[in-house]
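Student: Kindly return the folded structure for what I paste below:
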Amino acid sequence: MTGDHGHGHGVSANADRRYLAGALALLLAFMAGEILIGLAAHSLALISDAGHMLTDAFSIALALIAMRLAARPPEGGYTYGLKRAEILSAQLNGLTLILLAAYFIYEGIRRLLAPPEVTGQLVFFTALAGIVINVAASWLISRADRTSLNVEGAFQHILNDLWAFVATAIAGLAIWIFGFTRADAIASLIVAGLMLKAGSGLIRSAGRILMEAAPSGVDPKEVGNRLAERPCVVEVHDLHVWELTSGYPALSAHVLVEPGGDCHAVRRDLEQVLHDAYEITHTTLEVDHADGQGLEIHCDDSHGPRHVSATDSPHTHAHNPACGH
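Tutor: Predicted coordinates:
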C-alpha cells in the first residue's frame, strides 16, 4: 500500500525572484565601474573583486533561471518536474568560484614576487563603495528563502564578496599610507581563499543531493528505529531517505504490521511522526500485514487478500503489544 504524498517548499517564489533581481541589478552596475577603476589603479585586488562580482551576478542569473525551471509542473518523463535545476545551478556556481580562485591564486603569487605600482586611494574608496553595495545585495537576498540551496548559493557568493571588499579596503589603506604595494596581492589571495571555501561547500552540498544522500542531520538508521517502535509495527525495511532538491526531503519504506492491525491507521501515524520529527512530508509507505510465511495484505478488500514473498533486504524489527486489533 502506498502512502499519501504531499510537500511544501519555501516562501513565495515571486518574492524570491524580486529580491534576487534587485541584487543582480546592484551588482552589475557596480561591477562595470569597478573593472574600469581596477584597470586604472593597476589593482589585482579590485579586478579579482570584480571577477568575484561577475560570479555573483552569474550565480544570481542562474538562480533566477533555475527557479523558473523548478516552478514548472511535472510533464513528460519528468515526474518531479525540473526541481533539480536548482541543484545543478548551485553545482555550477561552486565550480566557477573554484576556477576563478585558482586563477587569482596564480596571479596573486606572481604579483607578490614582482609587485606593480598600485594607486592605493582608488583601491580604498572603491572597496568602501563595494562594501556598501554588497551589504545592500546581501540584505536583499537574505529576505529570500535561504532553505533553497540555489538561493543560499547566491547568498554565499555575495557574503564572500563582502569580506573580500573588506580585505581590499585594508589593502588599499596600507598601500596609500605605507606604500606597501604587496598588500594588493595579499588581499587578492585572501579573496581567492574565500572563493575556494564557498565553492567547495556549494559543490559538496549539491553533490549530496545529486547522489541522493540522506538530508543533512537525518540519520536513516534512527528514522527506521523510530518508525519500528510505533504501535502495531513489526518491521521496517527498504527504507530510503533523500532530497529531491534543497528543502524537499522524501522517504520511502516497506512496513509490516501485526496481523489484524489497521494498515491505514499505521500509515497515518508514521506519516505524522515523519512530519513532526523530521519535517519529511513527501512519503511513500507500503504497509502490509505480516505472517510467518510472507506478507498478506488485507488493507484492500476490493481485490481480496494476496501473498508476496518477503524481501531479503536489511530489516528493522520491533514488537509493540500496544497495537489495537
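
Student: List the residues that contact residue 95.
Tutor: By C-beta atoms under 8 Å, 6 or more residues apart in numbering, the contact list for residue 95 reads 199, 203. From N, CA and C alone the C-beta is placed, and that goes for glycine too.

Student: Quick check: buried residues in the helix or strand harbouring it?
Tutor: Element membership for residue 95 (DSSP states H and E) is helix 85-113. The neighbour-count criterion (16 or more other C-beta atoms under 10 Å) identifies 85-94, 96-98, 100-101, 104-105, 107-108, 111 as the buried residues of helix 85-113.

Student: Give me the distance from that helix to the chain's centre.
Tutor: 19 Å (C-alpha atoms, centre = their mean, to the nearest Å).

Student: ok, now stretch 218-227?
Tutor: Counting by C-alpha atoms, centre = their mean, stretch 218-227 comes out at 22 Å from the chain centroid.

Student: Now it: average pLDDT?
Tutor: With pLDDT averaged residue by residue, stretch 218-227 scores 93.

Student: about what we covered before: following the helix holding residue 95 in sequence, what is the next regular element?
Tutor: Later in the chain than helix 85-113, the nearest helix or strand by DSSP H and E is helix 120-142.

Student: Measure how buried residue 242 is and give me the count.
Tutor: 18 (other C-beta atoms under 10 Å).

Student: Which element, helix or strand, includes it?
Tutor: Element membership of residue 242, judged by DSSP H and E, is strand 233-245.

Student: Using PDB, write out every CA atom in that strand.
Tutor: This file holds the C-alpha atoms of strand 233-245, laid out as PDB (Å, rounded to 0.1, in the frame of the first residue of the first chain):
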ATOM      1  CA  VAL A 233       4.700  -2.100  13.600                       C
ATOM      2  CA  VAL A 234       6.600  -5.400  13.400                       C
ATOM      3  CA  GLU A 235       9.300  -4.500  10.900                       C
ATOM      4  CA  VAL A 236      10.500  -1.600   8.700                       C
ATOM      5  CA  HIS A 237      12.800  -2.300   5.700                       C
ATOM      6  CA  ASP A 238      13.700  -1.000   2.300                       C
ATOM      7  CA  LEU A 239      14.000   2.400   3.900                       C
ATOM      8  CA  HIS A 240      15.300   5.200   1.700                       C
ATOM      9  CA  VAL A 241      15.700   8.900   2.600                       C
ATOM     10  CA  TRP A 242      16.900  11.500   0.100                       C
ATOM     11  CA  GLU A 243      16.300  15.100  -1.100                       C
ATOM     12  CA  LEU A 244      14.600  15.800  -4.400                       C
ATOM     13  CA  THR A 245      16.000  19.300  -4.100                       C
END
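
Student: Buried residues of it, list them for me.
Tutor: Result for strand 233-245 [16+ other C-beta under 10 Å]: buried residues 233-237, 239, 241-245.

Student: What of stretch 187-201?
Tutor: 187-196, 198-199.

Student: Just name the closest of the buried residues of strand 233-245 to residue 264, please.
Tutor: residue 233 (13.7 Å; C-beta to C-beta).

Student: Wait, that closest one touches residue 267, no?
Tutor: No - between residue 233 and residue 267 there is no contact, the gap being 10.4 Å when judged by C-beta atoms under 8 Å.

Student: which residues are common contacts for those two?
Tutor: Joint contacts of residue 233 and residue 267 (C-beta under 8 Å, 6+ apart) are residue 255.

Student: Strands along the chain, start to end?
Tutor: With strands called from DSSP state E, the chain shows them at 233-245, 248-257, 282-290, 295-297, 306-308, 315-317.

Student: Can you say which of those strands is nearest to residue 132?
Tutor: Among the strands of the chain, strand 233-245 comes nearest to residue 132, with 33.5 Å by C-beta to C-beta.

Student: who does that closest one touch, helix- and strand-wise?
Tutor: Counting contacts by 3 or more C-beta pairs under 8 Å, 6 or more residues apart in numbering; DSSP states H and E, the secondary-structure elements packed against strand 233-245 are helix 182-210, helix 220-228, strand 248-257, strand 282-290, strand 315-317.

Student: Mind listing what's buried along the second one?
Tutor: The one in question is helix 220-228. Buried residues in helix 220-228, counting neighbours by 16+ other C-beta under 10 Å, are found at 220, 223-224, 226-228.

Student: ok, now how distant is the residue nearest to residue 155 when sequence neighbours are not counted from residue 224?
Tutor: Closest residue in space to residue 155, ignoring its immediate chain neighbours: residue 141 at 4.6 Å, by C-beta to C-beta, 6 or more residues apart in numbering. For residue 141, the distance to residue 224 (C-beta to C-beta, to the nearest Å) stands at 37 Å.

Student: Cool, thanks, talk later.
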